[in-house]
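J.: Okay, sequence plus prediction incoming.
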Amino acid sequence: MGFPSVRPRRLRKNENIRRLVRETELSINDFIYPLFIEEGDNIKLEIPSMPGIFRYSLDRLDEELEQILNLDIPAVLLFGIPKHKDSVGSETWNDEGIIQRAVRYIKEKCPDLYVITDVCFCEYTEHGHCGVLHDHEVANDPTLENTKKQVVSHAKAGADMVAPSGMMDGVVKTIREALDNAGYSDIPIMSYSAKYASAYYGPFRDAAESSPAFGDRRSYQMDPANRREALKEVQLDVEEGADIIMVKPALAYLDIISDLKNSFKLPIAAYNVSGEYSMVKAAGRLGWIDEEKVMMETLTSIKRAGADIIITYHAKEAARILKNG
């Protein structure tokens, strides 16, 4: 049966009927908001390539935490910018490091806010790569040994969840065993399971001061051309004990999000990354797009593709819109 008996426009006639048949609903409950915490004092520094996003020292963080709480955003993802960097990123397992102090501070000020820590080394190494180097290549297994120390230190500080982002082989198994052996079996792992070597990360390098001093990350992050490989990577993480699986970036990889939704039963997170955010901001400032509408359409598309959780720099702006109806 087709036209004229079937008329899909009947269910688009006004806003109320559109609301009744809407298939995808975006919610504040979907959002994780990334925070950049810089070691030092009296720092509130806007990131030039990410308008509206700032790096904060702990003594300036309260104003940001107040906004997050007032908007009912349930969780934050922490990235640290330390003063000291070395060849192995040893500040990542310093119990008095910037992330550890940030976790304790946030949990003291906002005990109900869910605090997730990014687990990697690129912000903490002199060379900007995600682990220990041997002959200018990231050595997988020595990096895993340091990862054990990092996650246990984060757990001791009070992190609610850890999120390994370095794409090292075996990292989820390594973390699960380290946390369990240290008495933190209740801390979940959100793994960057399908993290692509993407050009969309550009502005993040400014935010976290994590650009590689040489080369790139294609030997450990995934080739953007690969689809089936994502299923392999995620399957391995699931078998190793991941509690949440992630796709990064989100917008250029909606097919990957959809594939994972159809293949796995775990919650799926998607990282709406810095380049995706900054393009919307830049076009909006130039008046080329309706920034607010494009932002909400983008986030809805990520949810529609199958993401249960969206990590996004738009979280505060989107939450205000959703709270106001």
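T.: Yes, it's here.
J.: Point out where the stretch 51-200 of the chain drops to low pLDDT.
T.: Applying pLDDT under 70 to the stretch 51-200 of the chain flags the ranges 128-129, 132.
J.: mind listing the strands for it?
T.: With DSSP state E, counting those that start in this stretch as the criterion, the stretch 51-200 of the chain has strands at 54-56, 75-81, 114-119, 133-134, 137-138, 161-164, 190-195.
J.: Partner strands of the fifth one, with direction?
T.: Looking back up the chat, that one is strand 137-138. If you go by DSSP bridges, strand 137-138 pairs up with strand 133-134 (antiparallel).
J.: got the strands of the stretch 51-200 of the chain as TSV, with distance to W93 and mean neighbour count columns?
T.: In short, each C-beta sits where N, CA and C put it, glycine included. Putting the strands of the stretch 51-200 of the chain into TSV (distance: least, CB to CB, whole Å; neighbours: other CB atoms under 10 Å) gives the following:
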stretch	distance to W93	mean neighbour count
strand 54-56	22	20
strand 75-81	12	22
strand 114-119	11	23
strand 133-134	17	14
strand 137-138	17	18
strand 161-164	13	24
strand 190-195	19	28
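J.: Which among those is found nearest to H154?
T.: Among the strands of the stretch 51-200 of the chain, the nearest to H154 by CB to CB is strand 114-119 (4.6 Å).
J.: List of residues touching the closest one?
T.: With contact meaning CB atoms under 8 Å, 6 or more residues apart in numbering, strand 114-119 is reached by 32, 74-79, 92, 99, 103, 106-107, 147, 150-151, 154, 158-166, 175, 190.
J.: Kindly calculate the angle that it makes with strand 190-195.
T.: 50 degrees (axes from the mean of the first three to the mean of the last three CA atoms, to 10 degrees).
J.: Which neighbours in the sheet does strand 114-119 have, and how are they oriented?
T.: Short version: by DSSP bridges, strand 114-119 pairs with strand 75-81 (parallel), strand 161-164 (parallel).
J.: To L322, which of those lies closest?
T.: Comparing these by their distance to L322 (CB to CB), the top pick is strand 75-81, with 15.7 Å.
J.: Please tabulate the strands of the stretch 51-200 of the chain in a markdown table, including the columns distance to E38.
T.: Formatted as a markdown table, the strands of the stretch 51-200 of the chain follow (distance: least, CB to CB, whole Å):
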| stretch | distance to E38 |
| --- | --- |
| strand 54-56 | 5 |
| strand 75-81 | 4 |
| strand 114-119 | 14 |
| strand 133-134 | 25 |
| strand 137-138 | 25 |
| strand 161-164 | 19 |
| strand 190-195 | 22 |
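J.: how about JSON lines for the strands paired with strand 114-119, with distance to V280 added?
T.: Output for the strands paired with strand 114-119, formatted as JSON lines (distance: least, CB to CB, whole Å):
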{"stretch": "strand 75-81", "distance to V280": "19"}
{"stretch": "strand 161-164", "distance to V280": "24"}
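J.: could you show me where the helices are in the chain, in order?
T.: Here the chain has its helices, by DSSP state H, at 15-21, 62-70, 98-109, 140-157, 171-181, 202-208, 228-240, 254-263, 274-285, 291-305, 315-323.
J.: Touching the fifth one from outside, list them.
T.: It stands for helix 171-181. If you take CB under 8 Å, 6+ apart as the criterion, helix 171-181 is touched by 119, 144, 147-148, 151-152, 155, 162, 164, 168, 185, 187, 189, 191, 236-237, 240-242.
J.: From the residues you listed, list just the buried residues.
T.: 119, 144, 147-148, 151-152, 155, 162, 164, 168, 187, 189, 191, 236-237, 240-242 (16 or more other CB atoms under 10 Å).
J.: Looking at the helices of the chain, which is nearest to G131?
T.: Ranking the helices of the chain by their distance to G131 (criterion: CB to CB) puts helix 140-157 first, at 3.1 Å.
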